[in-house]
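>>> need a structure here:
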Amino acid sequence: MKHIFLLAFSLGLSVSALAQEVVIDTNYYTPPAQRRQVLTPDPDQRYTPYQPNRAQSTGRYHNGPEADNPLFPRLREVQTWYVGAEGGFRSDGSRLTNSFNGLISSATQTKPFWGVLIGYTYRNAWAVETGYSHSPIHLNITIANGQTPLIFDYQNSGSGIPLRLKRRIGSGKKSANGTGFWLTAGVWLIPNGAGPLDDFKLIGYSSRNSGRVRSTDTLRLTNSTTTFNRISGLAELGVDYSVRLASFLELGCYVRKYWGLSDALRSNLLYTVNNKSEQQAVVTANGTGWGVGIALRYIYGRQHEVKNALK
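The predicted structure is shown next:
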C-alpha cells in the first residue's frame, strides 16, 4: 500500500509540472538597430585622381587637384596631347644676281607671323606637332633714287603647313613634366599661289660729257615678278625652351633657322641705256632666314604610369 501511494504522488507532480504556464523572459532581447546607409556612389561614376585603380587602367586625368593626390608623386607622364598658338617675328632675304653698278639692291625683311598647332608628346622626351602658319615669304627690290629710294615689296600667299619633330635635351627634376630645352627639326609645305604678282617700268635720264659735247642718256628699267613655284618647301632647325605653368598649360619660347628648299618668288629685271646696252638681273626669294617667337600650349589629355609598386 505504501508503494502504491508513492507512485500516485509522483504521477501527480508530473502532471502538475506539465500544466504550469510557460513564461519567456524577453528583457534580454532587443530588435537590431536600423542600418545606416553606408553605400557610396560608384567610384567610376565620380572619378577623381585619388583612385589608383582607374589611374592604372586608363591613366587619364582630366580634372582634380593633382597636388593633393598622394599617388601623384609616383606617377610619370607617358603621353600628352595639346593644342597651341604661337607668334613672333621672322626674317627672310632675297638673292640678287646683278646690282647694275649699285642701282638696285635687295633688303632683308622682318615681319610678324602667327600659327596654330596640334601636338603629341611621348614620355616628355619626344614630341611631334603640325598645324597652320601664316608666315609669308618676301621679295624686296630697292632702287636708288637720291634720298628717297624706290622700294617694291612682294610676298607669296603666306600659308604654310609645318611638320616638326622635337627632342628634349638635358635632364633634371623639373624635366619630368616637360620643362627644359628641346631641339626641333622640321619641314614646311608652302603653297605659294600662281601667276604674276606685279610689273613695273621706270625711265630716267643721265647727262654725260663727251669732249665738248654734253649728251643725255635714256635709262630704262623694267621688272616682272611672278610666283616661281606653285608649291615650295622649307627646312628648319631650332631650340625651344618650355616651362609648365600649370598641369594643363605650357609656355615656350624659341629661335629657329629656316632654309628654303626651292624658290617661291622670282623677279626678272632688264636695264637698258639708249635702247642699246642691255643688262639683266634676277631676284629670287625662297624663305631662308631666322625666326623668334613664343608659344602657348593647352594640354587637353594625358596618360600616366606608376613609377614603382606601392609599398
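
>>> confidence-wise, which helix or strand of this structure is lowest on average?
helix 52-57 (a mean of 43; mean pLDDT, DSSP states H and E).

>>> which is the next helix or strand following that helix?
strand 75-92 (DSSP states H and E).

>>> quick one: the strands in the stretch 1-150 of the chain?
75-92, 95-96, 104-105, 109-122, 126-134, 138-143, 150-155 (DSSP state E, counting those that start in this stretch).

>>> tell me the most buried of these?
When you average the neighbours per residue for each of those (mean count of other C-beta atoms under 10 Å), strand 138-143 leads with a mean of 22. The C-beta positions use only the backbone N, C-alpha and C, and glycine is treated the same way.

>>> pull up the pairing partners for it, direction included.
Strand pairing for strand 138-143, using DSSP bridges, gives strand 104-105 (antiparallel), strand 150-155 (antiparallel).

>>> residue 224 contacts residue 281, doesn't it?
No. Using C-beta atoms under 8 Å, residue 224 is not in contact with residue 281; the gap is 11.9 Å.

>>> those two: which has the busier surroundings?
Using other C-beta atoms under 10 Å as the criterion, residue 224 and residue 281 rank with residue 281 on top: 20 against 15.

>>> pull the contacting residues for the closest residue to the more buried one other than its chain neighbours.
In space, residue 281 comes closest to residue 98 once its chain neighbours are excluded; the distance is 3.7 Å by C-beta to C-beta, 6 or more residues apart in numbering. Applying C-beta atoms under 8 Å, 6 or more residues apart in numbering, we find residue 98 in contact with 269, 279, 280, 281, 282.

>>> which of those are buried? Put it as a ChimeraX command.
One line in ChimeraX is enough to select the buried ones among the contacts of residue 98; burial here means 16 or more other C-beta atoms under 10 Å:
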select :269,281
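
>>> which of the contacts of residue 98 sits closest to residue 190?
Closest to residue 190 out of the contacts of residue 98 is residue 282 (20.0 Å), distances taken as C-beta to C-beta.

>>> tell me the contacts of that closest one?
Contacts of residue 282 by C-beta under 8 Å, 6+ apart are 96, 97, 98, 266, 267, 268, 269.

>>> how about CSV for the strands of the stretch 1-150 of the chain, with distance to residue 256 and mean pLDDT added?
Below are the strands of the stretch 1-150 of the chain laid out as CSV (distance: least, C-beta to C-beta, whole Å; pLDDT from 0 to 100):
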stretch, distance to residue 256, mean pLDDT
strand 75-92, 8, 93
strand 95-96, 20, 96
strand 104-105, 26, 94
strand 109-122, 11, 96
strand 126-134, 11, 97
strand 138-143, 17, 95
strand 150-155, 19, 94
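
>>> of all the strands paired with strand 138-143, which one is nearest residue 117?
strand 150-155 (22.2 Å).
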